[in-house]
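S.K.: The amino acid sequence is not available; the structure is as follows:
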Ligand code: CP
């Protein structure tokens, strides 16, 4: 593939190749010299129109570990603040010789437009409420490394599905890789027909307590209060009571089950500190795996070592 814009861009073979390559990249991270020469002479531009901690830093670390030149572009402090369009910004980056553009944007679909304007590869690092495919890949990598497989896993994705690009990309990718996804949350935060529209076989349940005893993975989503008004749920306390993962609920999970969260977390809202910091939580591991997965994505898109 030339671009990575959506979880739907990946068939099972390509996704598995990325995960297997990420495992090789993880071995590099454990070495004394963490760098590979694979992308020497190539330029990766990180184009971030929206705030990010994990994704921006891990793409930068990934590109540097592959010896690429990295240009970090933040909309704040750039000519975007003077009204420059995405297209003109893209053409400027193109003129500077970007081989890959990693883009985060508040507008759903922005990476797709960008892909029409630049010659290099475009990687979607999160667009609006639409998709975040490298997050889904690092989540799948984490599940596979903790639980040994993806096919046949039962994964509950819990909370603010309506606003979650992480949920959308996970449903697409996990379904492709043979996992069974159940979306869980209040009806106001699970769009009608989203499950069937994204991937046939995806289930919906409004009762968290009913699904916990039978899942292998519970993935908590950040409640995106900035995108909501009070009609979505009555109060933060009521939300936490019905859909928050606390210690008592965690103890109802099967012994082997893991707890995931893409971050950033609202501690005390969708997840309590006791759960977030427990041995079942893979939250920090997900961040570490993100670097290896993004190394794999850049390596494969840019044809590392002209493979
Ligand atoms: N998970 C995630 O995308 O985090 P950031 O917003 O910090 O990049």
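M.R.: Sure, I can see it. The shown structure was predicted, so the numbers you read here are calculated from the model rather than taken from an experiment.
S.K.: mind checking the SS state of residue 218?
M.R.: At residue 218 the chain is in strand, as set by DSSP: H, G, I helix; E, B strand; the rest coil.
S.K.: Identify the residue nearest it in space, chain neighbours excluded?
M.R.: For residue 218, ignoring the flanking residues on the chain, the nearest one in space by Cβ to Cβ, 6 or more residues apart in numbering is residue 156 at 4.8 Å. Where C-beta positions appear, they are placed from N, C-alpha and C, glycine not excepted.
S.K.: Surely that neighbour is in contact with residue 182?
M.R.: Yes. Contact criterion Cβ atoms under 8 Å: residue 156 and residue 182 qualify, at 5.0 Å.
S.K.: got the residues of the protein near the ligand?
M.R.: 52-55, 126, 132, 135, 262-264 (Cβ under 6 Å from any ligand atom).
S.K.: related to what we said a few turns ago, shared neighbours, residue 156 and residue 182?
M.R.: Here residue 156 and residue 182 have 205, 211, 215 as joint contacts, going by Cβ atoms under 8 Å, 6 or more residues apart in numbering.
S.K.: Find me the pLDDT at the first one, would you?
M.R.: Residue 205 is assigned 96 on the pLDDT scale.
S.K.: returning to that earlier point: quick one: which of residue 156 and residue 182 has more around it?
M.R.: residue 156 (25 against 19; other Cβ atoms under 10 Å).
S.K.: pLDDT value on that one, please?
M.R.: Listed pLDDT for residue 156 reads 98.
S.K.: Please identify the helix or strand for it.
M.R.: Assessed by DSSP states H and E, residue 156 sits inside strand 154-158.
S.K.: the inter-axis angle of whichever helix or strand comes after that strand versus strand 154-158?
M.R.: Where DSSP H and E defines the elements, the next helix or strand beyond strand 154-158 is helix 165-176. Between helix 165-176 and strand 154-158, the angle comes out at 160 degrees (axes from the mean of the first three to the mean of the last three Cα atoms, to 10 degrees).
S.K.: helices and strands around helix 165-176, which ones?
M.R.: helix 12-29, helix 133-147, strand 154-158, strand 180-184, helix 194-198 (3 or more Cβ pairs under 8 Å, 6 or more residues apart in numbering; DSSP states H and E).
S.K.: So which of these is nearest residue 37?
M.R.: helix 12-29 (11.2 Å; Cβ to Cβ).
S.K.: List the buried residues of that closest one.
M.R.: 15-16, 18-19, 21-23, 25-26, 28 (16 or more other Cβ atoms under 10 Å).
S.K.: got the contact list for that helix?
M.R.: Outside helix 12-29, the residues that reach it (Cβ under 8 Å, 6+ apart) are 1, 10, 34-36, 65, 137-138, 140-141, 144-145, 173, 176-178, 288-289, 291-293, 295-297, 299-300.
S.K.: just the buried members of these?
M.R.: Listed as buried from these are 10, 36, 65, 137-138, 140-141, 144-145, 173, 176-177, 289, 291-293, 295-297, 299-300; burial here means 16+ other Cβ under 10 Å.
S.K.: May I have the residues that are in contact with the closest residue to residue 186 other than its chain neighbours?
M.R.: Leaving aside its sequence neighbours, residue 186 sits nearest to residue 233 (Cβ to Cβ, 6+ apart; 5.5 Å). Contacts here follow Cβ under 8 Å, 6+ apart; on that basis residue 233 touches 186, 188-189, 239.
S.K.: you'd agree residue 125 is in a strand?
M.R.: Yes. Under the criterion used here (three-state DSSP), residue 125 sits inside a strand.
S.K.: what's around it, how many residues?
M.R.: By other Cβ under 10 Å, the burial measure for residue 125, its neighbour count, is 26.
S.K.: quick one: it and residue 52, what's the gap?
M.R.: Residue 125 is 7 Å from residue 52, where distance means Cβ to Cβ, to the nearest Å.
S.K.: so what's in contact with the two at the same time?
M.R.: Counting by Cβ under 8 Å, 6+ apart, the residues touching both residue 125 and residue 52 are residue 104.
S.K.: that older thread, closest to the ligand out of the buried residues of helix 12-29?
M.R.: Comparing those against the ligand with Cβ to the nearest ligand atom places residue 22 closest, at 16.4 Å.
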